[in-house]
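J.: Build me a model:
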Amino acid sequence: MRTLVVCSGGLDSVTLAHKVAAERNLVHIVSFDYGQRHRKELDYARRAAQRLGAAHDVVNLVDVGARLTGSALTDGAAVPEGHYAEETMRVTVVPNRNAIMLAIAFGIAMARGAEAVATAVHGGDHFIYPDCRAPFIEAFAAMEERALDEFAKIALATPFLHASKADIVREGARLGVPFAETWSCYKGGARHCGRCGTCVERREAFELAGVADPTAYDDADYWREARRAYLAKHPA
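T.: Sure thing, here's the model as predicted:
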């Protein structure tokens, strides 16, 4: 199946690109520059496309992103530190981000003759991001079926929808994904900070998956403190 992958350059979406390349026909990788403070992630998406021999487009949404205010990823607010499932991480929500990006991706997919659009939303995103949950995915797929009616049939592929971040790390290890060639940190510094929600999630996932983490962090051990604090407030 000719498949277009939405790829930010993060661990999840780069792993997805490798999975599609191995199991389907990866024809295109699309990334989005919406003015995110960690836009260095886009370079990792470019590297993935080169590695996998896929066409790569970066869609410029900077003007749109400037109007999606209220998020620490597009405004000047500090990126929160701590466990990725904490309520404080809601400040990282970018209004309607996935709906906007997926709508554009489906348009590109139709123009390029792709049969599917793949996105790496996963179970770990469900705590905070409503546009990563199953009801959104199901509704969006139904909407696109109507939007492209009589012109194209393009599936929405979400193989990680009910998977954990650790599951994705295990899958990436199986596929030989070069994890050091992915970027997660929302702060976008020279190295992964190790303290923001995405760094904590990344570091924890490698530990839970039993896979060596090649990432260089400014604080490689903070995730343990963040995890303990979260579990103390949310006992199983």
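J.: which residues of this structure fall in strands?
T.: Shown for the chain, the strands assigned by DSSP state E span residues 2-6, 25-33, 55-60, 116-118, 155-157.
J.: which of these sits most buried?
T.: Among the strands of the chain, strand 2-6 has the highest mean neighbour count (mean count of other Cβ atoms under 10 Å), at a mean of 26. In this view, the C-beta of every residue, glycine as well, is placed from N, C-alpha and C.
J.: any chance of the strands of the chain in a markdown table, with mean pLDDT too?
T.: What follows is the strands of the chain, written out as a markdown table (pLDDT from 0 to 100):
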| stretch | mean pLDDT |
| --- | --- |
| strand 2-6 | 98 |
| strand 25-33 | 98 |
| strand 55-60 | 98 |
| strand 116-118 | 98 |
| strand 155-157 | 98 |
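J.: Turn those into JSON lines, columns for distance to residue 207.
T.: Formatted as JSON lines, the strands of the chain follow (distance: least, Cβ to Cβ, whole Å):
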{"stretch": "strand 2-6", "distance to residue 207": "27"}
{"stretch": "strand 25-33", "distance to residue 207": "28"}
{"stretch": "strand 55-60", "distance to residue 207": "31"}
{"stretch": "strand 116-118", "distance to residue 207": "27"}
{"stretch": "strand 155-157", "distance to residue 207": "28"}
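J.: Which one of the ones you listed lies nearest to residue 183?
T.: Checking the strands of the chain against residue 183 by Cβ to Cβ gives strand 25-33 as the closest, at 11.6 Å.
J.: Could you name the helices and strands sitting against that closest one?
T.: strand 2-6, helix 11-23, helix 41-52, strand 55-60, helix 97-112 (3 or more Cβ pairs under 8 Å, 6 or more residues apart in numbering; DSSP states H and E).
J.: Would you give the sheet partners of that strand, along with the direction of each?
T.: If you go by DSSP bridges, strand 25-33 pairs up with strand 2-6 (parallel), strand 55-60 (parallel).
J.: Looking at the strands of the chain, spot the one closest to residue 215.
T.: Among those, the nearest to residue 215 by Cβ to Cβ is strand 25-33 (20.3 Å).
J.: how about that closest one as CSV, C-alpha atoms only?
T.: Provided in CSV are the C-alpha atoms of strand 25-33 (Å, rounded to 0.1, in the frame of the first residue of the first chain):
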residue,chain,number,x,y,z
ASN,A,25,5.4,1.1,0.3
LEU,A,26,6.8,4.3,1.9
VAL,A,27,6.3,6.9,-0.8
HIS,A,28,6.4,10.2,1.1
ILE,A,29,7.3,11.7,4.4
VAL,A,30,5.6,15.0,5.3
SER,A,31,6.7,17.2,8.2
PHE,A,32,5.3,20.5,9.5
ASP,A,33,7.1,23.7,10.7
